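Undergrad: Could you look at this predicted model? Sequence included:
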Amino acid sequence: MVIPTLVFGLILFMVPQATTIPEEFKLRIFYLLVLSTLVIPMVTVCGLRLSGTLKSLHMASLKDRAIPFSVTSIYYILTVYFLLQKGGLDPILGKVLGIITLAILGLTFVTFFWKMSAHMTGMGGLLALVLVLGLKFPSFQPVYPLLTVLVLTGVVGSVRLFLDAHKPMEIYVGLLYGFLLCFIGFSIIWG
């Protein structure tokens, strides 16, 4: 759930030409996006845990993942709808969150049958964003962000394996799925 926050932070503050949002509104919009894509879903998941609907915040079984992933998908869909309906906002934001939402919807669908890594799906999407921004915006120097994301991706994948939260194939498929979907989607958006 932290990845969309990183995505929008990167777009709004590190690559200002990626969106037409005026500087004075960027921080407010960023806070709105953090609220709707991080805070509200996290509070909901914690609420599900406290109510006993969710056995563990680790969501080790497929059954544990279905409800939180579905509810998070609904929050993201509503936020995309809001962003695309607001005429004064740059539609780039809605489109970017739309791609992220497609990744979450696909992940949610797969979750009913198989345990693909949500962490690695997010890391793949973040990696794709850094590469696309580096290719599309010459003023953006992607070397350090790319190295940072690559190291984080390796650390996250290794930790997931170390904790025995996933099998290697679940890690690789999640990373590949997130990367390909987001690379293609973001390339179209900033085509």
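TA: That came through fine.

Undergrad: Show me where the protein dips below the pLDDT cut-off.
TA: The chain contains residues with pLDDT under 70 at 87.

Undergrad: Spell out the residue ranges of the helices in it.
TA: Applying DSSP state H to the chain gives helices spanning 3-9, 23-34, 40-51, 62-85, 91-111, 118-136, 143-162, 168-189.

Undergrad: Ok, which of these comes nearest P16?
TA: Proximity to P16, assessed across the helices of the chain by Cβ to Cβ, is greatest for helix 23-34 (7.4 Å). For the C-beta atoms, the positions are set from N, CA and C on the backbone; glycine is no exception.

Undergrad: Now do the closest one: everything it contacts.
TA: Helix 23-34 is contacted from outside by 4-5, 8-9, 12-13, 16, 21, 79, 89, 93, 97, using Cβ atoms under 8 Å, 6 or more residues apart in numbering.

Undergrad: rerun at 6 Å
TA: Contact with helix 23-34 is made by 5, 8, 12, as judged by Cβ atoms under 6 Å, 6 or more residues apart in numbering.

Undergrad: Then stretch 56-70?
TA: 45, 49, 54-55, 108, 111, 115.

Undergrad: about what we covered before: winner for burial among the helices of the chain?
TA: Mean neighbour count (mean count of other Cβ atoms under 10 Å) peaks for helix 118-136 among the helices of the chain, with a mean of 23.

Undergrad: That one vs helix 62-85, what angle?
TA: Taking axes from the mean of the first three to the mean of the last three Cα atoms, to 10 degrees, helix 118-136 and helix 62-85 form an angle of 30 degrees between their directions.

Undergrad: ok and helix 118-136 relative to helix 91-111, angle-wise?
TA: Helix 118-136 and helix 91-111 are oriented at 150 degrees to each other (the same axes, to 10 degrees).

Undergrad: so helix 118-136 versus helix 168-189, what angle?
TA: Going by the same axes, to 10 degrees, helix 118-136 makes 30 degrees with helix 168-189.

Undergrad: can you tell me which residues contact H166?
TA: 117, 160.

Undergrad: Which residues outside stretch 126-138 are in contact with it?
TA: Contact with stretch 126-138 is made by 3, 6-7, 15, 17, 140, 142, 145-146, 149, 179, 182-183, 186-187, 190, as judged by Cβ under 6 Å, 6+ apart.

Undergrad: go again using 7 Å as the cut-off
TA: Under the criterion Cβ atoms under 7 Å, 6 or more residues apart in numbering, residues 3, 6-7, 10, 15, 17-18, 140, 142, 145-146, 149, 153, 179, 182-183, 186-187, 190 lie in contact with stretch 126-138.
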